[in-house]
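# A structural model of the following input is requested.
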Amino acid sequence: MINREPDIDESTEAGSRVFYGFIIAIAAFFILFSAYGVRFAYGVFFKPMAKNLGFSAATTSAAYSISFFCEGVFSLVSGGLADRFGPRIVVSLSSILVVTGYCLTALVHSPWQLFLFYGIMIGVGMGAMFVPLVSMTARWFNARRNLMTGLVSSGVGVGMLCIPSYTAHLINGHGWRNSFVIMGIFIFAVTLVAAQFLKRDPASMGTVPYGESSRTFEHKSQSQGHSYQEALRTPQFWVFFAVVFCFGMVSMSYNVHIVPDAINSGMRPTLAADIMAVTGAMFVLSRVVLGMLADRHGNKPVLIFCFMVAAAAFFFITVIHVHWAFFLLALLIGITQGGVGTSQSPVVASLFGLRSHGLILGSIGLGSTMGSALGPLLAGYIFDFTGSYHWALFMCAVVSLFALTFASLIKPSH
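Here you go, the predicted structure:
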């Protein structure tokens with residue numbers, strides 16, 4: 001098993017009443033809350049936008065796929081930039097690109113505009129909204145790294161819990177175009193303010209990571225670990241890359257298409273939007289609970305458990321396709337998304353150290369976003385071809401089994 005955390009050394013906090021890492025964590029939480037809460041509301045925009053513009057499910061899905069692919073590519077770049085210049089500058093600049101993309105998406109009338117504004121602009125901007133923050137969290141917390149990563153990244157789940165349901169009402173009252181503008185401005189305001197509190201690592205403030213004493217830290221260095229080139233040459237890099245590729249493919253297929261599928265099954269749009277709220281609620285809970293379990297027992301058992309649950313849930317919904325089953329699916333997928341998402345940064349730290357953590361995590365994240373780009377696109381094409389999401393959900397079940405297989409092969413590289 002990997003990534004057991006050391007006991008906390010209370011001397012970390014000597015001479016300091018509030019460890020600044022906790023302020024960092026709160027700021028990162030709110031950035032992820034706003035950015036990904038709106039990100040995962042795309043399924044709520046999906047049908048009214050496609051109907052108004054006359055786009056097919058595949059075309060509307062393609063914009064989301066392009067966006068996630070661009071996010072993955074730029075997460076590689078942003079991870080390296082954050083390693084060098086710090087997350088404050090990188091996240092602040094990205095927030096400008098994101099708000100511009102959302103405001104321009106409100107002006108879309110043709111597919112190329114949707115691909116450019118939502119796909120490319122928002123995708124590139126979102127590339128700096130996750131990797132720099134969770135990489136920064138890994139640097140600030142030695143003890144309780146899984147728990148703190150889970151708490152920070154639970155901002156994604158809280159956003160998923162709150163924002164899609166609100167967005168459905170916003171679209172009903174103001175239309176999808178105005179709603180894109182409102183959501184873009186909301187992200188910009190929250191992110192720009194919160195980003196000013198970010199610091200790359202404890203050394204930049206003359207302190208040490210949580211769980212380290214000054215004495216022991218003098219003999220350790222966050223520069224220890226694999227270089228980027230060394231990590232690429234290890235089998236474990238590619239095993240974990242495959243895990244997160246499968247995870248991205250499954251999770252984003254679900255996030256984009258489950259609300260349209262529920263609506264097609266006769267559910268009211270506002271009720272269907274609550275599916276994402278249930279997913280978000282379980283996402284938050286599992287990030288905390290499974291993060292604590294990972295600190296105690298390691299990340300590998302958590303990953304295996306999550307992919308077993310995901311496979312069973314998707315097989316279930318292909319057989320029992322009724323309204324209550326959508327909410328049971330939401331509960332189970334929320335658990336898996338939270339658990340797997342929490343594990344990514346700590347697994348990278350455990351396998352490869354902190355020397356090039358941001359760059360390595362960004363590269364692993366590219367695998368996730370490649371899967372995130374492919375999954376919704378394939379699901380959209382399957383729907384256009386068959387007129388149903390049945391085989392798309394079956395695809396998610398099979399891919400979850402592949403992820404389970406790869407997760408079982410993870411082991412420490414040292």
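# Tell me the buried residues in the helix or strand where Gly101 lies?
With secondary structure defined by DSSP states H and E, Gly101 is part of helix 87-105. By neighbour count on 16 or more other C-beta atoms under 10 Å, the buried set for helix 87-105 is 87-92, 94-95, 97-105. All C-beta spots, glycine's among them, are computed from the backbone N, C-alpha and C.
# give me every residue that touches the residue nearest to Cys70 when sequence neighbours are not counted.
Of all residues not flanking Cys70 in the chain, Gly123 sits nearest, at 2.9 Å (C-beta to C-beta, 6 or more residues apart in numbering). With contacts defined as C-beta atoms under 8 Å, 6 or more residues apart in numbering, Gly123 is in contact with Ile66, Ser67, Phe68, Phe69, Cys70, Glu71, Phe74.
# what helix or strand does Gly123 sit in?
Applying DSSP H and E, one finds Gly123 within helix 123-126.
# Residues contacting the first helix or strand past that helix going along the chain, please?
Next along the chain after helix 123-126, taking DSSP H and E as the criterion, comes helix 131-140. Applying C-beta under 8 Å, 6+ apart, the contact partners of helix 131-140 are 20-21, 24-25, 28, 31-32, 75, 78-79, 81-83, 87, 90-91, 145, 148-149, 152-153, 198-202, 209-210, 222, 344-346, 348-349, 354, 357-358, 361-362, 365.
# and the biggest helix by length in the chain, average pLDDT?
If you go by DSSP state H, the chain has its longest helix at helix 145-195. Helix 145-195 shows a mean pLDDT of 88 in the predicted model.
# okay, now Thr270: neighbour count?
13 (other C-beta atoms under 10 Å).
# Next: the one 4 residues further on.
Using other C-beta under 10 Å, Asp274 has 21 neighbouring residues.
# And it, how far from Ser165?
6 Å (C-beta to C-beta, to the nearest Å).
# what's the answer for Leu107, then?
26 Å.
# Likewise for Gly173?
13 Å.
# Go through the contacts of helix 131-140 and flag which are in helices.
Per DSSP H, the contacts of helix 131-140 map to helices at 20-21, 24-25, 28, 31-32, 75, 78-79, 81-83, 87, 90-91, 145, 148-149, 152-153, 344-346, 348-349, 357-358, 361-362, 365.
# thinking again about what came up before, between Leu107 and Ser165, which one's more packed in?
Shown here are Leu107 and Ser165; by other C-beta under 10 Å, Ser165 has more neighbours (22 against 11).
# Would you agree that one is in contact with Ala273?
Yes: between Ser165 and Ala273 there is a contact at 5.0 Å, judged by C-beta atoms under 8 Å.
# neighbours around Trp391, how many?
The burial count for Trp391: 15, using other C-beta under 10 Å.
# Surely it is in a helix?
Yes: assessed by DSSP: H, G, I helix; E, B strand; the rest coil, Trp391 belongs to a helix.
# Where does pLDDT dip in the stretch 201-350 of the chain?
Confidence mapping of the stretch 201-350 of the chain against pLDDT under 70 gives the ranges 212-224.
# Quick one: the helices in it, in order.
With DSSP state H, counting those that start in this stretch, the ranges of helices along the stretch 201-350 of the chain come out as 214-217, 228-232, 235-264, 269-297, 299-319, 323-352.
# any idea of the angle the third one forms with helix 269-297?
For helix 235-264 against helix 269-297, the angle between stretch directions is 160 degrees (axes from the mean of the first three to the mean of the last three C-alpha atoms, to 10 degrees).
# Let me know the angle separating helix 235-264 from helix 145-195.
70 degrees.
# got the contact list for the closest residue to Leu32 other than its chain neighbours?
Excluding the flanking residues, the one nearest Leu32 by C-beta to C-beta, 6+ apart is Gly155, at 3.4 Å. Residues near Gly155 by C-beta under 8 Å, 6+ apart: Ala28, Phe29, Phe30, Ile31, Leu32, Phe33, Tyr36.
# Okay, Asn172 and Phe141: tell me how far apart.
Distance from Asn172 to Phe141, by C-beta to C-beta: 42 Å.
# likewise Ser179?
Relative to Phe141, and taking C-beta to C-beta, Ser179 is found at 37 Å.
# Tell me which of the two has more neighbours.
Phe141 (30 against 26).
# out of the helices of the stretch 201-350 of the chain, which comes closest to Gly375?
Nearest to Gly375, of all the helices of the stretch 201-350 of the chain, is helix 235-264, at 3.7 Å by C-beta to C-beta.
# for the closest one, which positions count as buried?
Across helix 235-264, burial judged by 16+ other C-beta under 10 Å covers 236-237, 239-263.
# Give me the residues contacting stretch 233-243.
So stretch 233-243 is contacted by 226, 231, 303, 347-348, 351-352, 360, 363-364, 367, 402-403, 406-407, 409-411, 413 (C-beta under 8 Å, 6+ apart).
# still on that earlier bit, okay, the contacts of Gly155 in a markdown table with pLDDT next?
Converted to a markdown table, those look like this (pLDDT from 0 to 100):
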| residue | pLDDT |
| --- | --- |
| Ala28 | 93 |
| Phe29 | 93 |
| Phe30 | 95 |
| Ile31 | 95 |
| Leu32 | 93 |
| Phe33 | 94 |
| Tyr36 | 91 |
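# what residues are up against Ser78?
For Ser78, counting by C-beta under 8 Å, 6+ apart, the contacting residues are Val90, Ser94, Gly127, Ala128, Val131, Pro132, Gly362.
# how close does it sit to Phe237?
Ser78 is 19 Å from Phe237, by C-beta to C-beta.
# and if you look at Ser368?
On the measure of C-beta to C-beta, Ser368 and Phe237 end up 14 Å apart.
# Check Val190 too.
Counting by C-beta to C-beta, the gap from Val190 to Phe237 is 34 Å.
# residue closest to the middle of the protein?
Gly341 (6.2 Å; C-alpha atoms, centre = their mean).
# What's the local residue count around Pro209?
Using other C-beta under 10 Å, Pro209 has 22 neighbouring residues.
# Looks like it contacts Asn142 (just checking).
Yes: with contact defined as C-beta under 8 Å, Pro209 counts as touching Asn142 (4.2 Å).
# Return the list of helices and strands in contact with the helix holding Gly101.
Here helix 87-105 touches helix 20-39, helix 57-85, helix 123-126, helix 131-140, helix 145-195, going by 3 or more C-beta pairs under 8 Å, 6 or more residues apart in numbering; DSSP states H and E.
# Try it again at 6 Å.
In terms of contacts (3 or more C-beta pairs under 6 Å, 6 or more residues apart in numbering; DSSP states H and E), helix 87-105 is packed against helix 57-85, helix 123-126, helix 131-140, helix 145-195.
# Kind regards, and thank you for your time.
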